[in-house]
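Peer 1: sequence and computational prediction follow.
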Amino acid sequence: MAFKLDVELIKLSDISSEKIEIEETLDTLEGNAKLKSRSIFDKFSITTIADDTGLEVFELNNEPGVHSARYAGKHGNDQANRTKLLANLGDSTDRKARFRTVICLSDTNGDYFVEGICNGKISFEEKGANGFGYDSIFIPDGYETTFAELDIDVKNIISHRAKAIENLIHFLQNDYK
């Protein structure tokens with residue numbers, strides 16, 4: 001039986017004018033999500049959620065994974081990251097991949113994790129102008145187009161982040177105490 005959940009989402013800037021940056025230094029998505037969530041909870045004593053997301057390419061031993069944003073070296077250089085990934089895959093026909101988002105909720109009772117996964121494959125070339133990161137080379141299962149070619153409303157329904165949020169809502173309604 002589901003119950004009505006009274007939740008107010010606020011941004012960090014709503015509770016502090018201090019510029020807080022938490023460097024993602026751990027080697028798993030779970031570790032980085034917890035690092036961010038627990039750090040904010042410990043500082044402000046407010047139930048906190050944080051996430052980390054990675055693209056895992058099976059042929060590349062799940063690279064870039066936790067290093068997705070800095071795969072080619074500099075954090076946030078999306079073009080360089082895509083170029084390196086496509087070069088590392090080369091002509092391989094095993095292009096199965098998945099986007100995975102891990103959310104950590106931290107409160108006085110501990111840390112709780114949920115995840116969302118979108119399975120797919122890596123294209124041989126970039127296609128589409130929408131999105132960011134690896135969207136122009138990731139084709140979700142059941143589609144013939146990349147995330148960057150999909151309508152944003154479709155992407156927002158099938159994406160790893162959408163699934164992680166759905167799983168968080170389910171957790172909060174059914175398992176969170």
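Peer 2: Received the coordinates, thanks.
Peer 1: leaving out chain neighbours, which residue sits closest to the residue positioned nearest the centre of the chain?
Peer 2: Per C-alpha atoms, centre = their mean, the C-alpha nearest to the average position across the chain is that of residue 53, at 2.4 Å. Spatially, and ignoring its direct neighbours in sequence, residue 53 is nearest to residue 101 (4.4 Å; C-beta to C-beta, 6 or more residues apart in numbering). (Glycine included, C-beta is placed from N, CA and C.)
Peer 1: helix, strand, or coil at that neighbour?
Peer 2: Here residue 101 is recorded as strand under DSSP: H, G, I helix; E, B strand; the rest coil.
Peer 1: and what of the one 3 residues further on?
Peer 2: Three-state secondary structure (criterion: three-state DSSP) places residue 104 in strand.
Peer 1: got it, and residue 53?
Peer 2: Applying three-state DSSP: residue 53 is strand.
Peer 1: so where is this protein shaky, pLDDT-wise?
Peer 2: Regions of the chain meeting the criterion pLDDT under 70 cover residues 1-5.
Peer 1: okay, strands next: where are they in this protein?
Peer 2: 48-57, 63-65, 96-107, 110-122, 138-140 (DSSP state E).
Peer 1: columns distance to residue 16 on top of those, output as JSON lines?
Peer 2: Shown next, in JSON lines, are these (distance: least, C-beta to C-beta, whole Å):
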{"stretch": "strand 48-57", "distance to residue 16": "12"}
{"stretch": "strand 63-65", "distance to residue 16": "31"}
{"stretch": "strand 96-107", "distance to residue 16": "16"}
{"stretch": "strand 110-122", "distance to residue 16": "21"}
{"stretch": "strand 138-140", "distance to residue 16": "35"}
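Peer 1: give me the neighbour count for the residue lying closest to residue 80 once chain neighbours are set aside.
Peer 2: Closest residue to residue 80 apart from its sequence neighbours, by C-beta to C-beta, 6+ apart: residue 72 at 3.7 Å. Residue 72 sits with 18 neighbouring residues when counted by other C-beta atoms under 10 Å.
Peer 1: show me what contacts residue 72?
Peer 2: 80-81, 83-84 (C-beta atoms under 8 Å, 6 or more residues apart in numbering).
Peer 1: from those residues, which single one is nearest residue 48?
Peer 2: Closest to residue 48 out of those is residue 81 (28.1 Å), distances taken as C-beta to C-beta.
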